[in-house]
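**Q** quick one: sequence plus predicted model below, questions after.
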Amino acid sequence: MDRRSFIKRATAAAAAASVVTAKQKWVLASGAEESKQIGSIIDLTKCDGCEYEGTPLCVKACKTKNADRFPQPEKPIKDYWPRTHHEDWSDEQDLTNRLTPYNWTFVEQVEVEHNGEMRKVSVPRRCMHCDDATCQKLCPFGVIHKSEHGAVTIDEDFCMGGAKCRSACPWDIPQRQAGVGLYMNLAPDLAGGGVMYKCDMCTDLLEAGKKPACETACPRDAITFGPLNDMRQEARRLANEIGGYVYGDEENGGTHTFYVSEVPFEKINQAIMADKEALQDKRPGRPHMKPDVENLLDTAHGFTLAMIVAPVAGAAAAGITAYKTLKGEKEEQADE
Amino acid sequence: MSKSDKIIRQSKSNRFVHWASAISILMLIITGLGQLPLYGRYLLWQPFGTGWLTSYELTLWVHYIFASILIFTVFYHIVFHIIRKEYAILPKKGDMKASWQLIKAMILKKQEPPSEKYLPEQRLAYMLFAVAIAVLIVTGGIKVYQNLSGVNISNTMMVIVTLGHNLGTVLIIFAFIGHMAAFLFKENRKMLAGMFTGKVNKEYVKHRHSLWYKELKAQKNKKNKSVS
């Protein structure tokens, strides 16, 4: 165990011990029951991006399934005062080559050199459904939830569209549509930015005991949902078998999505970045695939320790100071 | 003005608590607002040296640091005064009515009712700060706990805690504005020196905090008697 993980674990243990209520049900995670957690494998050795279809079938199925949840903004859409811009994808609802409020999964197609040959790699992208989802933990209004299956979901009715979740997400996954949502009923000229949208792992289907739409639609069985631990083990086994790699197991502290690839993810990431650079593509919705992405909350763990020590230190300092001052006053009285 | 013309109103310990709380609360408000998407949107011109405020990560670290300082100070304050049995700042029955009478007297430039060490509205303001700080520490503590890796609190708890923390923030901002607004009254400004040097003018105490002055005199007489 290195120093960093020791501090991390010690802090977590101390914090857990200090919260007496941790054993009570209301503090327990709604999605903490291990047996109910669902994960998925996206096997890049199988995915061909549905090259004979106009649109990959997983993308098509996702769009069809969620069509009635897509935003219908009131127009004209106002700018984010005092800024002179707003995010509006409503005129590009048919876009399927990136994440938008109208497209919650897409297939990234890149050419990568591996073992001396050029390979076409198709990478279905969507929310990774992190174990410690920074978007969920840092949402300033607490409207990003975790389902009992561990899916990270945004409450579209109460989202203010500040897009902090996108900034906090290492992959910038949630996408914003202006002109819709709660802020339109509050002070649309002054505050709020719309609603954030992203994959919710087809929570309703999972609750009904069914498979998510992307899995059902995939003609090559490249997408598989199942019990989280089984999926993790299977992804590792598959990667071992082909001498390949897993993405999503360690990234951002662990996720519920495991990509399996023969090609190193570093190379896939470089190809995505190079393509974006070549196209001068600076719009959101085409996430990187940088390996070993760290969870930004990990850095805060050191400071948590200070917070745990603070009350004890404060009380101790008070005890010493009060004793000294009382003693001083008594001596003063005696001197008089 | 000679030394005997001054009376000690705030001990070193009180001044430490006041300023440590003031600085940490101010920094917690600034960095807490930084956890909302505010600075990036509304600061069209970024003042020099404030670029870090637009980083959710940096503002979170700084928030944690000042939260630790505030928690230290709060526990210090509570334990210190319990040991010394000093409760002059706690609200008393009738403080609401007395505060209104005092404010009315200040506005109408009339004779104020006699006061103790702390004015009734100071005791109420203290309680407002205490409630806001308590709400913020409890909800903030749960938020910090759930930010640990591997911890996920329930969705309902998450909403309650997040909204509670936001509400506490609004409350403490109002309390801070109210605290500053108190100095709009000329009469209150004479207390300011107490928080910097610890001392205030004897004449001011005699005139405005006559009940406290009597108490101090009684203590002094008791001491003198016991010596003789």
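**A** Sure, I can see it. Numbering: from 1, shown residues only, chains lettered A, B, ... in the order given.

**Q** show me the domain layout of the chain.
**A** Just going to use chain A. Following automatic domain parsing, one gets these domains for chain A: A:1-24+A:302-320, A:31-289.

**Q** should've been chain B
**A** Using automatic domain parsing, the domain parsing of chain B gives B:8-86, B:91-228.

**Q** thinking again about what came up before, out of the domains of chain A, which one sits most buried?
**A** The highest mean neighbour count among those, using mean count of other CB atoms under 10 Å in any protein chain shown, belongs to domain A:31-289: a mean of 19. All C-beta spots, glycine's among them, are computed from the backbone N, C-alpha and C.

**Q** around chain B, pick out the residues from the stretch 51-200 of chain A.
**A** Contact residues (CB under 8 Å from any CB of the partner chain) of the stretch 51-200 of chain A with chain B: A:80, A:82-83, A:131-132, A:136-143, A:145-146, A:162-164, A:167-168, A:193.

**Q** output the domains of chain B in CSV, with mean pLDDT and distance to chain A appended to each entry.
**A** Shown next, in CSV, are the domains of chain B (pLDDT from 0 to 100; distance: least, CB to the nearest CB, whole Å):
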stretch, mean pLDDT, distance to chain A
domain B:8-86, 93, 3
domain B:91-228, 89, 3
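
**Q** nearest to A:Leu182, out of the ones you listed?
**A** Set against A:Leu182 and scored by CB to CB, those come closest in domain B:91-228, at 13.7 Å.

**Q** tell me how far that closest one lies from the chain's centre.
**A** Relative to its parent chain, domain B:91-228 has a centroid offset of 6 Å by CA atoms, centre = their mean, to the nearest Å.

**Q** in contact with the nearest residue to B:Met96 once chain neighbours are set aside, which residues?
**A** Among residues not flanking B:Met96 along the chain, B:Leu124 sits closest, at 7.0 Å (CB to CB, 6 or more residues apart in numbering or on different chains). If you count contacts by CB atoms under 8 Å, 6 or more residues apart in numbering or on different chains, B:Leu124 has them with B:91, B:95-96, B:99.

**Q** circling back: mean pLDDT for the domains of chain A: which is lowest?
**A** Of all these, the minimum mean pLDDT falls on domain A:1-24+A:302-320 (a mean of 66).

**Q** related to what we said a few turns ago, what about the residue nearest to B:Met96, which helix or strand?
**A** helix B:120-146 (DSSP states H and E).

**Q** return the set of buried residues in that helix.
**A** B:120-126, B:128-130, B:132-133, B:135-137, B:139-146 (16 or more other CB atoms under 10 Å in any protein chain shown).

**Q** which parts of the very next helix or strand once past that helix are buried?
**A** For helix B:120-146, the succeeding helix or strand toward the C-terminus, using DSSP H and E, is helix B:155-181. Applying a neighbour-count criterion of 16+ other CB under 10 Å, one finds B:155, B:157-162, B:164-166, B:168-169, B:171-172, B:175-176 buried in helix B:155-181.

**Q** can you tell me the residue of the stretch 51-200 of chain A closest to chain B?
**A** Nearest residue of the stretch 51-200 of chain A to chain B: A:Gly142, at 3.1 Å (CB to the nearest CB).

**Q** that residue contacts B:Thr156, correct?
**A** No. The criterion here is CB atoms under 8 Å, and A:Gly142 misses it with B:Thr156 at 9.5 Å.

**Q** quick one: the helices in chain A?
**A** All helices of chain A, identified by DSSP state H, fall at A:3-18, A:57-66, A:134-138, A:164-168, A:203-207, A:213-217, A:228-242, A:265-278, A:301-335.

**Q** pipe these into TSV and attach distance to B:Lys217 per row.
**A** Formatted as TSV, the helices of chain A follow (distance: least, CB to CB, whole Å):
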stretch	distance to B:Lys217
helix A:3-18	47
helix A:57-66	78
helix A:134-138	56
helix A:164-168	58
helix A:203-207	72
helix A:213-217	82
helix A:228-242	74
helix A:265-278	78
helix A:301-335	17
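
**Q** hmm, back to that, of the domains of chain A, which is nearest B:Asn14?
**A** Comparing those by CB to CB, domain A:1-24+A:302-320 comes nearest, at 12.2 Å.

**Q** right, I'll leave it there.
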